[in-house]
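In: Give me the fold of what follows.
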Amino acid sequence: MGSSGVGSGNLHSVFVYGSLLADDVVRVLLKRVPESSSAVLNNYHRFSIKGRVYPAILPLLNKTVTGKVLLGITDPELHILDVFEDVEYQRTTVDVSFMDNADKLQAQAYVWADKNDPNLYGDWDFQVISYSYCVLAPHTVQLTRKRLSTCSLLAYIIISTYTTIHESNSLNLCWELGDS
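Out: Okay, here's the model as predicted:
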């Protein structure tokens, strides 16, 4: 692991399964891409959310969510992720299994706060959402012409969506991130 972020207190592991799968999104938020490992969260389901580009997870027996674990997350970085995920999610300790071996790890995960939300439906797929927003979303055409990568474009969309939904909090997020 690089020196960025080291020496900031406790280190955490965070299971990510949606927009934070994109390294460009993580880089925008944390100013680095931490070491990670592919992982599975058992007995949870990843839902699409009506009108949103990001997913939600909730406990559901016999379902699995694939994602990755971000390793070596500092206390200040965890706070940034808390601000980004906002009140729609509750940070919860979960048990994840690494995909490349049988090892298990306790990690933090952002679980949707409203288990009865009528806007949750079906499944959410990172590849499908990346494609649909890069190719089909009208407001991305200009960016696509600039030949941004799928992940860069997805980072833009997610940050833009966050800013639109949480306009009053977006300036606080920029200040938290040390945006120059």
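
In: Number of residues surrounding Gly118?
Out: Let me fix one detail, which is that residue 118 is Pro and not Gly. Neighbours of Pro118 under the rule other C-beta atoms under 10 Å: 7. The way it works is simple: take the backbone N, C-alpha and C, and place the C-beta from them, glycine included.

In: With His45 instead?
Out: 20.

In: got it, and Asp75?
Out: Applying other C-beta under 10 Å, we find 12 residues neighbouring Asp75.

In: repeat for Ala56
Out: If you count neighbours by other C-beta under 10 Å, Ala56 ends up with 24.

In: likewise Tyr121?
Out: 11.

In: Begin at 674 from now on, thanks
Out: With the count now opening at 674, the last piece we talked about shows up as Tyr794.

In: just checking, it touches Lys723?
Out: Yes - between Tyr794 and Lys723 there is a contact under C-beta atoms under 8 Å: 6.6 Å.

In: Report the mean confidence score over whichever strand or helix holds Ala712.
Out: Assigned by DSSP states H and E, Ala712 belongs to strand 709-722. The average pLDDT within strand 709-722 is 96.

In: Direction included, what does that strand pair against?
Out: strand 729-747 (antiparallel), strand 762-771 (antiparallel), strand 793-794 (antiparallel) (DSSP bridges).

In: in the helix or strand just after the second one, what's buried?
Out: If you walk from strand 762-771 toward the C-terminus, the next helix or strand you reach (DSSP H and E) is strand 777-785. By neighbour count on 16 or more other C-beta atoms under 10 Å, the buried set for strand 777-785 is Ala780, Gln781, Ala782, Tyr783, Val784, Trp785.

In: Closest to Pro728 out of those residues?
Out: Nearest to Pro728 out of the buried residues of strand 777-785 is Trp785 (C-beta to C-beta; 8.6 Å).

In: helices and strands of this structure: which one bottoms out on pLDDT?
Out: helix 814-818 (a mean of 37; mean pLDDT, DSSP states H and E).

In: Identify the bridge partners of the closest residue to Arg764 other than its chain neighbours.
Out: Computed as C-beta to C-beta, 6 or more residues apart in numbering, the closest residue to Arg764 that is not its neighbour in sequence is Gln781, at 5.3 Å. Taking DSSP bridges, one finds Val687, Thr766 as the beta-bridge partners of Gln781.
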